[in-house]
Each structure stands twice: as C-alpha cells, then as structure tokens.
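1. requesting a structural model of the entry that follows:
(one chain, ligands or ions: 1)
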Amino acid sequence: MIFNFQIEKILPCLADSTKIRVVVSIDKDLSEYFPYVKGYLKKGLYVPKHPSFSIKKDGKTFNIYKDSITLIKLVDEKEALRDLQYISDLFEEVIKNKDNITPDYSQNKPPQPLEIMKYLPKTNCKICGEESCFAFAVKVSNEEKNILLCQPLFTEEYKEKRIALLNFLNEAGIDIPADFA
Ligand code: SF4
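-> Residues are numbered from 1 along each chain as shown. Model (predicted):
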C-alpha cells in the first residue's frame, strides 16, 4: 500500500445499524491528489476546506481526509482491508498518471438549510446559541457551527432523525462526529 494505516475505531454505521464504520489513521497526506482522483473517476465529492474526498463504491462510502479514512457501511474488518487496498491502488494509479489527468477542482453544492431543517427538533429552544432551528441550520450548512451543538438532537427521542441527518451531512461532505450513532 502507498500508506501505512492503523485502525482507530470500529463503530456502528450511521446509515445501517447492521453494518459498521471503520476509522483508520494514515501516515500519508493524499489531499493534493483529490482533484486528480475526481478528474480520473469523473465522480466523487471534493471539499477543499477540510480537505476531504468521498467516493462511493458498491453502496459504500469512503471518506478520505489528510490523515485518516472513514469507511462506511462495511460488513466486517476484512472488508475494510480490501477497501483500503482499493483506495491505495486507486491513488497509486492516479499518482503514476498524474500528468495525463485533468484535475477537477469543482466543489459540490453545500447542503441546503431547508434540507437540514427537516431533521432538526424544530423547537427553537436556543440551546445551540441560535434564535431558531433555521438559523442553526444555516450555520451548519455553512460549516460555521457543528451539529453537536444541537443537544436535543442527541437524545433518544430524536435518534432516527439524528441518524438520518448525520448520514445526510456525511453524504454532503460535512464533517460529522464519528462517535455518535
Ligand atoms: S438546539 Fe437544536 S432544537 Fe434547539 S434551537 Fe438549536 S437547532 Fe433547534
């Protein structure tokens, strides 16, 4: 592999509780190649701000950051090793052919506040420090506030909405807390 890795966490999958999420740390910063991988695959979600790159494969999502990778919707640890090998092979191929690939620096649209609103408690309780749930949704959309600040969302009552929202934000390239399900 082109990077060494260490499995840091194995967690229940946010999107499917029968599957797992695996968080690994890596010792190689691949972020300069994210636009090249996007140009090569002609797909993927590139977020330069973090920076991060997300790929979907066989119904799974791989989120690649500067120093870690999160693999989502896996059956077991063995699958994680196979997927890490796939990611390594993909980047190796892209790095080898970099001069012949047109990088794609385009960014996907951020999630819309109204979409985020669908999953919030809508009580306007102000615990998050905002006047309303909508004001909070706008800040989450702009990545000015972390979703963790909505404490009611992380209670049992809102478990279903929470899982759906974290999944939605993750798919949209927003950094989500890895430990909450
Ligand atoms: S803490 Fe959550 S429920 Fe309360 S206002 Fe903020 S977003 Fe709405």
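2. pick out the residue closest to the middle of this structure.
-> N170 (4.0 Å; Cα atoms, centre = their mean).
3. list the helices and strands the helix or strand harbouring A135 packs on?
-> In the assignment (DSSP states H and E), A135 maps to helix 133-141. Using 3 or more Cβ pairs under 8 Å, 6 or more residues apart in numbering; DSSP states H and E as the contact test, the elements touching helix 133-141 are helix 113-117. Just so you know, the C-beta spots here come from the backbone N, C-alpha and C atoms, and that holds for glycine as well.
4. show me what counts as buried in stretch 47-54.
-> 47, 50-54 (16 or more other Cβ atoms under 10 Å).
5. which residues sit against stretch 143-153?
-> With Cβ atoms under 8 Å, 6 or more residues apart in numbering as the test, stretch 143-153 has contacts from 49, 110, 119-121, 123, 125, 127-130, 133, 136, 139-140, 154, 158, 161-162, 165-166, 169, 174-177, 180.
6. quick one: the longest helix anywhere in the chain to chain centroid distance?
-> Criterion DSSP state H: the longest helix present in the chain is helix 77-96. Computed by Cα atoms, centre = their mean, to the nearest Å, the chain-centroid distance of helix 77-96 equals 17 Å.
7. quick one: mean pLDDT over it.
-> Helix 77-96 shows a mean pLDDT of 96.
8. what residues does that helix touch?
-> 1-3, 5, 7, 10, 20, 22, 24, 30, 33, 36-37, 40-41, 55, 57, 60, 62, 64, 69, 71, 74, 101.
9. show me which residues of this structure are close to the ligand?
-> 120-121, 123-128, 130, 133, 136, 150, 152-153 (Cβ under 6 Å from any ligand atom).
10. buried ones among those?
-> Buried subset of the residues of the chain next to the ligand (neighbour count, 16+ other Cβ under 10 Å): 120-121, 128, 130, 133, 136, 150, 152-153.
11. neighbours of D104, how many?
-> When neighbours are counted by other Cβ atoms under 10 Å, D104 registers 18.
12. and it, what element?
-> Per DSSP H and E: D104 is located in neither a helix nor a strand.
13. kindly report the same for V37.
-> Applying DSSP H and E, one finds V37 within helix 34-41.
14. show me what that helix is packed up against.
-> Checking 3+ Cβ pairs under 8 Å, 6+ apart, helix 34-41 ends up next to strand 45-47, strand 52-57, helix 77-96.
15. partner residues bridging S52?
-> For S52, the beta-bridge partners are V47 (DSSP bridges).
16. that one against N63, yeah?
-> Yes: contact status for S52 versus N63: in contact at 6.0 Å, counting by Cβ atoms under 8 Å.
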